[in-house]
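Student: Quick one, fold the following:
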Amino acid sequence: MPPAPPPQQPKNRSRVPTPTGENRRPQRRMESRNASERAAFFARREAAAVLRRVLRGDATRRAAGSIKSLVYSPTVRNKRATFALVCQTLKYLPILKEVLASSEILSSKWKKQEELVYVTTYDILFGQGIAVSGSVEQLIMLQKDSLRTTLDKVCARKRVRCVEDLLSNKSAVKPKPRFLRVNTLKVTTESVIEELNKMHMVDKDEMVPDMLVLPPGTDLHNHPLVTDGKVFLQGRASCMVAVALCPKPGWKVIDACAAPGNKTVHLAALMNGEGSIIACELNKERAKTLQHTVRRSGANNIRIVNGDFLEVDRNDPSYAEVCRYLHFYWSMLFYWTPRALVLEYLQRDLIICFPHILEIVRMMRVQAQGS
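Tutor: Got it, this is the predicted structure:
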């Protein structure tokens with residue numbers, strides 16, 4: 001018999017050693033860094049999109065919505081970081097514009113991305129300082145030393161020691177408490193107080209029923225009560241609109257400019273889900289936000305009309321029993337727009353809307369109660 005062939009030697013395969021001990025730590029740091037960079041990259045761009053809408057408004061020449069309502073759009077993923085970036089960029093915006101003007105960045109091709117330039121410059125100079133691989137980030141990092149030098153010159157020219165002194169006269173405001181409204185369509189006020197008292201000091205508001213007051217800085221954005229639509233993070237001024245209307249169960253109400261929908265669903269709660277609400281919203285994207293808010297609230301007596309209230313058919317019988325009319329709320333416009341321009345907008349709005357409102361009112365069967 002021929003001798004058996006010698007056993008084959010296994011092929012020499014290169015093996016990557018499993019990282020252990022000190023080898024594992026750099027890998028973890030790199031993974032953590034990559035995650036931070038990705039989060040910063042997307043948060044800056046989402047913040048820039050919100051900032052663009054806040055600064056430019058929408059096609060109807062009025063405020064596109066509050067920052068909070070824009071951030072809570074379903075399209076925004078990192079809501080907490082986006083909200084913080086928008087607020088802080090607006091806070092530093094006069095300084096950012098002055099510093100960027102010297103670099104001529106916004107006079108070049110980057111003018112089309114000026115909101116992203118503002119957000120990124122704020123975050124790199126004053127915020128987290130994370131430099132990711134985006135083209136705008138690379139641009140700002142190249143100019144970082146020059147921008148800091150310009151910032152020092154601005155402080156010297158205005159005879160202040162630091163950037164905070166530039167903001168002190170305008171931004172030194174007392175922290176405001178966190179307000180939230182209990183959605184009584186889903187839950188009772190007492191049960192919400194019991195739940196929140198486990199972590200926070202909770203008080204009832206003296207002016208608005210079903211409104212709770214928590215300490216400044218309380219973060220409830222990801223709390224199950226908020227995500228499930230049992231409470232809405234809604235300010236006192238916003239809630240006063242529906243409270244002032246004082247709707248009764250069974251009423252038929254038209255909301256002429258309904259998005260993002262917080263006031264609309266508040267109306268539904270005050271009406272105990274009875275009667276009906278016609279919610280008009282001209283802007284298609286804001287109408288989607290309105291639909292999301294209504295679904296989250298659980299209200300089933302709201303009919304959304306994606307159209308212009310001024311084009312409502314005054315002879316349509318579905319509007320004949322409307323007994324109250326709720327128009328848009330101007331707080332954001334007053335906050336962001338010079339007063340003279342606000343008055344011009346209000347005057348133009350009333351001239352356009354008032355005749356139409358009178359026609360709607362003429363065909364209403366106005367109830368004596370609550371008049």
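Student: Contact partners for R148?
Tutor: L125 (CB atoms under 8 Å, 6 or more residues apart in numbering). No exception for glycine: its C-beta is placed from N, CA and C like everyone else's.
Student: helix or strand for it, which one?
Tutor: helix 144-157 (DSSP states H and E).
Student: secondary structure class for I278?
Tutor: Look at I278: counting by DSSP: H, G, I helix; E, B strand; the rest coil, its state is strand.
Student: what is the closest residue to it other than its chain neighbours paired to in the beta sheet?
Tutor: Spatial nearest neighbour of I278, chain neighbours left out: I254 (4.5 Å); criterion: CB to CB, 6 or more residues apart in numbering. Taking DSSP bridges as the rule, I254 bridges to I278, Y325.
Student: Give me the pLDDT for I254.
Tutor: Listed pLDDT for I254 reads 84.
Student: Equivalent analysis for V163, please.
Tutor: Value listed for V163 in the pLDDT field: 82.
Student: That one reaches F126, doesn't it?
Tutor: Yes: with contact defined as CB atoms under 8 Å, V163 and F126 form a contacting pair (7.1 Å).
Student: about what we covered before: okay, the residue nearest to I278 and V312: tell me how far apart.
Tutor: According to CB to CB, to the nearest Å, I254 and V312 sit 8 Å apart.
Student: Any buried residues in stretch 114-127, and which?
Tutor: 114-127 (16 or more other CB atoms under 10 Å).
Student: Pull that stretch out as CSV, backbone CA atoms only.
Tutor: C-alpha atoms of stretch 114-127 as CSV (Å, rounded to 0.1, in the frame of the first residue of the first chain):
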residue,chain,number,x,y,z
GLU,A,114,-26.7,81.4,5.9
GLU,A,115,-28.9,79.8,8.6
LEU,A,116,-26.7,76.7,8.7
VAL,A,117,-23.6,79.1,8.9
TYR,A,118,-25.2,80.9,11.9
VAL,A,119,-26.0,77.6,13.7
THR,A,120,-22.6,76.1,13.0
THR,A,121,-20.7,79.2,14.0
TYR,A,122,-22.6,79.5,17.2
ASP,A,123,-22.0,75.8,18.0
ILE,A,124,-18.3,75.9,17.3
LEU,A,125,-17.5,79.3,18.9
PHE,A,126,-19.9,79.1,21.9
GLY,A,127,-21.5,75.7,22.0
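Student: neighbouring contacts of that stretch?
Tutor: Against stretch 114-127 from outside (CB under 8 Å, 6+ apart): 40, 44-45, 47-49, 51-52, 55, 85-86, 88-89, 92-93, 96-97, 99-100, 105-106, 110, 129-131, 134, 136-137, 139-141, 144, 147-148, 151, 163.
Student: shared neighbours of V163 and F126, anything?
Tutor: In contact with both V163 and F126: Y92, using CB under 8 Å, 6+ apart.
Student: in stretch 127-136, what's buried?
Tutor: 127, 130-132, 134, 136.
Student: Likewise for stretch 215-228?
Tutor: 218, 220, 223, 225-226.
Student: neighbour count winner among I254 and V312?
Tutor: Each of I254 and V312 has its neighbours counted (other CB atoms under 10 Å); I254 has more, 23 against 20.
Student: if I read this right, the more buried one contacts S276, doesn't it?
Tutor: No: when contacts are counted by CB under 8 Å, I254 is not listed as touching S276 (9.6 Å).
Student: one step back: okay, the buried residues of stretch 215-228 in TSV with distance to T75 next?
Tutor: Below are these laid out as TSV (distance: CB to CB, whole Å):
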residue	distance to T75
T218	26
L220	21
H223	21
L225	23
V226	18
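Student: Report the secondary structure state of V187.
Tutor: V187 ends up coil, using three-state DSSP.
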